[in-house]
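Trainee: For reference, the sequence and a predicted model appear below.
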Amino acid sequence: MLELVGVTKVYKGGKRAVDGITMRLGPGMVGLLGPNGAGKSSLMRIVATVTRPTGGQVRYEGVDVVAAPDRLRRELGYLPQDFGVYPNLTSREFLSYLAAAKGIGARSAKARIDELIELVNLTEAVKRPLGAYSGGMLRRVGIAQALLADPRVIVVDEPTAGLDPEERVRFRNLLSELAAERVVLLSTHIVSDVESVASDIAVVAQGRLLRRGAPEELLGEIDGQVWEAVVDPGEVPAAQARHVVSRMVRTGNGVRLRVIAAGRPWADAVPVTPDLEDAYLGVIRGAGERGQAGQRAVSR
């Protein structure tokens, strides 16, 4: 069990990147969704014991990991958003170096590295130096290093950046399998990264936890508020100003808009079944409207 209790992070200058987040995480995958700048990476670094929180606690199996970080680090696999390598080493040499640093025996490390290189589809590039790898290939090395010690807690920040569609699917399926007996926290701003594999979604913005629930719960909350209509191209700017537009496709008759609105936005708009991206945008929109209402109240 991994617990976050009132976790806060304030940087120099007063920027509040994480604002009192409380969550309890057991075995399974939690998809942490939020726009860029929402505080996701700051929160992930705190959970991974890389950064100390300004306030609150992170507890693993009841142990305060700020005071005793090694308790979690022994069972943690972490892939940060910015992952660095030694460009002159091959992937096998690099992973062997990290395995030694983690205290994994040479024989066990070799077998595990062989398994992981095949798992992340790097077999053909294993003898090339990392400096010759593409961005997507380096991301796969990062995924492999996060899984080296067969961790019980896996924290991955924007893990599919740079991966092609086939690799994204492969990695999502892998995390889904691992989550059966492990705590997996996956941070992303890409809804498709979590919609097919996460049974638990947490939406964050401006450092705050806005909503947490199963995908079907989030979808239920926005049912009846998603509409589609074909409008003249000249009407698009006004529609974007009035509504959250989740999709826009040009057709021979105009522009097909998919919007989130409490009531029918146009006479010919038809209701459609919401997807997780609609639900996510609905949560973000609701938070923005509440913030604007609060600002208006204060100004009065």
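Mentor: Done, it's in.
Trainee: show me where pLDDT drops low in the stretch 151-300 of the chain?
Mentor: Along the stretch 151-300 of the chain, the model assigns pLDDT under 70 to residues 287-300.
Trainee: now the residue nearest to Leu76 when sequence neighbours are not counted: how far from Ala109?
Mentor: Computed as CB to CB, 6 or more residues apart in numbering, the closest residue to Leu76 that is not its neighbour in sequence is Val153, at 5.0 Å. Every C-beta, even on glycine, is put in place using the N, C-alpha and C of the backbone. According to CB to CB, to the nearest Å, Val153 and Ala109 sit 20 Å apart.
Trainee: Point to the residue nearest the middle of this structure.
Mentor: Nearest to the mean C-alpha position of the chain, counting by CA atoms, centre = their mean, stands Ser187 at 1.7 Å.
Trainee: Report the beta-bridge partners for it.
Mentor: Leu32, Asp157 (DSSP bridges).
Trainee: who's in contact with it?
Mentor: When contacts are counted by CB atoms under 8 Å, 6 or more residues apart in numbering, Ser187 touches Leu32, Gly34, Lys40, Ser41, Leu43, Met44, Val156, Asp157, Glu158.
Trainee: Surely the fifth one is in contact with Leu32?
Mentor: Yes - with contact defined as CB atoms under 8 Å, Leu43 and Leu32 form a contacting pair (7.3 Å).
Trainee: Now list whatever residues contact both of those two.
Mentor: Joint contacts of Leu43 and Leu32 (CB under 8 Å, 6+ apart) are Ser187, Val204.
Trainee: Leaving out chain neighbours, which residue sits closest to Ile46?
Mentor: Pro53 (5.0 Å).
Trainee: Endpoints of stretch 208-225, how far apart?
Mentor: Length of stretch 208-225, first residue to last, CA to CA, to the nearest Å: 24 Å.
Trainee: contacts for that stretch?
Mentor: Taking CB under 8 Å, 6+ apart as the rule, stretch 208-225 contacts 19-23, 39, 195, 198-204, 260-262, 271, 274-276, 278-280, 282-284, 286-287.
Trainee: chain center to that stretch: distance?
Mentor: Relative to its parent chain, stretch 208-225 has a centroid offset of 17 Å by CA atoms, centre = their mean, to the nearest Å.
Trainee: List the buried residues of that stretch.
Mentor: Arg208, Leu209, Leu210, Arg211, Arg212, Gly213, Pro215, Leu218, Leu219, Glu221, Ile222, Gln225 (16 or more other CB atoms under 10 Å).
Trainee: for the first one, phi and psi?
Mentor: Right, Arg208. phi -110, psi 150 (degrees, to the nearest 10).
Trainee: gap between it and Val58?
Mentor: Following CB to CB, the distance that separates Arg208 from Val58 is 17 Å.
Trainee: where exactly do the helices run in the stretch 1-150 of the chain?
Mentor: 40-47, 70-73, 91-101, 106-119, 135-146 (DSSP state H, counting those that start in this stretch).
Trainee: What is the first one packed up against?
Mentor: By that I understand helix 40-47. Judged by 3 or more CB pairs under 8 Å, 6 or more residues apart in numbering; DSSP states H and E, the packing partners of helix 40-47 are strand 2-10, strand 16-25, strand 28-33, strand 153-157, strand 183-188.
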